[in-house]
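Trainee: Fold the stuff below for me.
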Amino acid sequence: MKSKKEQAKSSAKDTLYKRVIPELMRSSPYFSLEAVRKAMNELGVSVTAGTLKFYMSDAMSKGIVHDAGRGWYSSIAQPFELDTQPVADIVQRLNKAFPLLDFSCWSTRQINPHMHHLLAKFVTFIHVDEAGMRSIGDWLLEAGYNVFVNPGKVEVEKSFRVRDKTVVVRPGFVEETEEASHVAPIEMILADLLYEAEKLPLMARDEARDAVENAMLSGRISTAYFVTLAKRRHVDAFIPKSTN
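Mentor: Now for the predicted structure:
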């Protein structure tokens, strides 16, 4: 026969698995450990922080939920699959011209499958240390690209146009590149898209938000990483609602 302590633990675990997690997943495909803790407290279920983390780890091992980064979980089993082909050529060319340079790269073409209105022309973004921006910009210009080096509001209003081979060079955030491939991870792309939609005439802000939401629903991302990057860029790190 179970002791009262064992019965309490069993009851807490059952409440978590059978009520709290399902309700959170019905609300959104992504939810935080803090949301789990709050829901348990609202139901009057007492559980220590360590025990709750253990239960959530157990839930992940059972496939009830999936890892979405530190302190975040998801109902989406399949990780997001990023198409790197749209930036493969420019990454290869930059690697050859600047073999020792750290940079990260992404293209709006990588987001196109998640747009309600498909883009006809695309912009490639390159993030590099400030000291290397001008060198990169000059080389791209000579190579035939339509280049804008960290354009501000005045330059954007005066001359920014999306043409063939348009590239925007921005400072920083190089450390976020995955495995030195120079291809920005999806979390960085989504945070950047929200930021750039505020700065450049790429698309309507609502369209950018919809594209980010569609991407997050199509495959599991690291929500913790996305939230961190969005905060750095001072954009809204929103979490999509479930479509069920």
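Trainee: need the next SSE after the helix-or-strand element of the chain with minimal mean pLDDT, C-terminal direction.
Mentor: Of all the helices and strands that make up the chain, the one with the lowest confidence by mean pLDDT, DSSP states H and E is helix 4-15; it has a mean of 68. Per DSSP states H and E, helix 4-15 leads on to helix 21-27 as the next helix or strand towards the C-terminus.
Trainee: Parallel or antiparallel, which strands does the helix or strand that that following helix is followed by pair with?
Mentor: Scanning forward in sequence from helix 21-27, with DSSP H and E defining helices and strands, the next element found is strand 30-32. Strand 30-32 has its sheet partners listed here by DSSP bridges as strand 72-74 (antiparallel).
Trainee: For the most centrally placed residue in the chain, list the residues it contacts.
Mentor: Computing the C-alpha centroid of the chain and ranking residues by CA atoms, centre = their mean puts residue 187 first, at 2.0 Å. Residues touching residue 187, when contacts are defined by CB atoms under 8 Å, 6 or more residues apart in numbering, comprise 176, 221, 222, 225, 226, 229. (Each C-beta comes from the backbone N, C-alpha and C, glycine too.)
Trainee: got it, and residue 214?
Mentor: Taking CB under 8 Å, 6+ apart, we find residue 214 in contact with 114, 115, 116.
Trainee: for residue 124, same thing?
Mentor: When contacts are counted by CB under 8 Å, 6+ apart, residue 124 touches 86, 87, 90, 105, 106, 107, 108, 165, 166, 167, 168.
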